[in-house]
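*Asks:* sequence? don't have it. structure:
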């Protein structure tokens, strides 16, 4: 089988497609023939050496796949073989085959293609935790979704609309029509305008009850400032630290600068302002499989009910992995980018 190998920290040339032997499942594993594999911002950070949770190089990245169960271990029921599934993977998902535990595997909804199914796990589980599990968004409230045109952003928009909340989102101007057609109430052009000033003008100085923020650094301070009473800030990334393609000294400097600019939240101001702050890191939830099963089941029901609508912007072949990284890094995607072996 073939897999995409991150050979070292660096630019796009460190990504190689390599041939390795086919997988043989352990007694408690299923082997999936991968039809589609998700690519996420964490993969870009890992390539540059800016992702602390990433495996040591060389490595194969990838957190989510869809495909067909090829083979099962001795302790797994044979009726899994041949089933079309989606799965979460603790790395190694960007390959033609993956070996996973049954707790990581879910039957693919018939209404979704393999490409659409691979867009579900990371983006929709993250958005579900941010908005419903920890953010507790209500129908009478409002939400600001930073990077609403990205994969998590569109998933968050689907969930917020289902709840009935008023939605604000930051995105480049060229994405606004798509997002409005998708149902976004208020689009904010963060590149040509100050998003904070625009949001406060739109809300008559009140702010919003929930903000989902993958930016990090000083933007977390501004997001916190934009919360109204009983507001919550959900932090789930530090994309502002990833300028440039190669990492290296400049990349490490950007990361250090971002960390230094991060705010500290003291309990007393939180009490006095009636605000809350929380973080979400899907990669640190592998010890909670029961919760993950509940969340995925709810999202699968959302697919059936019609409010979960994954949008895949573009697919790339494995041999085009460098182009896929560049495409995301340049913020060209609206929604999910998927790799197809």
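*Replies:* Received, thanks. None of these values were measured; they are calculated from a predicted model.

*Asks:* which element is the closest residue to residue 283 other than its chain neighbours on?
*Replies:* In space, and not counting its chain neighbours, residue 283 is closest to residue 53: 4.9 Å by Cβ to Cβ, 6 or more residues apart in numbering. Placement of C-beta: from N, CA and C, glycine included. Using DSSP states H and E, residue 53 is not contained in any helix or strand.

*Asks:* Hmm, residue 53 is touching residue 286, no?
*Replies:* No - Residue 53 is not in contact with residue 286 according to Cβ atoms under 8 Å; the separation is 10.7 Å.

*Asks:* Give the intersection of the neighbour lists for those two.
*Replies:* Common neighbours of residue 53 and residue 286, using Cβ atoms under 8 Å, 6 or more residues apart in numbering, do not exist here.

*Asks:* Now do the helix or strand where residue 153 lies: which elements does it pack against?
*Replies:* Per DSSP H and E: residue 153 is located in helix 151-163. Packing contacts for helix 151-163, counted by 3 or more Cβ pairs under 8 Å, 6 or more residues apart in numbering; DSSP states H and E, involve helix 121-128, strand 142-145, strand 166-171, helix 176-182, strand 208-213, strand 336-340.

*Asks:* if you compare these, which one is most tucked away?
*Replies:* Stretch with highest mean neighbour count among the helices and strands packed on helix 151-163: strand 142-145 (a mean of 28; mean count of other Cβ atoms under 10 Å).

*Asks:* Partner strands of it, with direction?
*Replies:* strand 166-171 (parallel), strand 208-213 (parallel) (DSSP bridges).

*Asks:* Output those strands in TSV; the columns should cover mean pLDDT.
*Replies:* As requested, the strands paired with strand 142-145 are exported to TSV (pLDDT from 0 to 100):
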stretch	mean pLDDT
strand 166-171	98
strand 208-213	98
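
*Asks:* Let me know which of the ones you listed is the nearest to residue 98.
*Replies:* For these, distance to residue 98 was read as Cβ to Cβ. The smallest value, 28.7 Å, belongs to strand 208-213.

*Asks:* Give me the contacts around the helix or strand following the closest one.
*Replies:* Going down the chain from strand 208-213, the next helix or strand is helix 218-225, by DSSP H and E. Outside of helix 218-225, the residues within contact range by Cβ under 8 Å, 6+ apart are 144, 146, 196, 207, 211, 213, 215, 233, 235, 240, 261-263, 265, 275, 277.

*Asks:* try it again with 6 Å
*Replies:* 196, 211, 213, 233, 235, 261, 263 (Cβ atoms under 6 Å, 6 or more residues apart in numbering).

*Asks:* Following it in sequence, what is the next regular element?
*Replies:* Scanning onward from helix 218-225 (DSSP H and E), the first element met is strand 227-235.

*Asks:* Tell me what angle that next one forms with strand 208-213.
*Replies:* Between the axes of strand 227-235 and strand 208-213, defined by axes from the mean of the first three to the mean of the last three Cα atoms, to 10 degrees, the angle is 20 degrees.

*Asks:* Output the below-cut-off pLDDT ranges for the stretch 201-341 of the chain.
*Replies:* The stretch 201-341 of the chain contains residues with pLDDT under 70 at 239-262.

*Asks:* which residues of it fall in helices?
*Replies:* 218-225, 248-261, 267-273, 289-305, 321-329 (DSSP state H, counting those that start in this stretch).

*Asks:* Brilliant, that's me finished.
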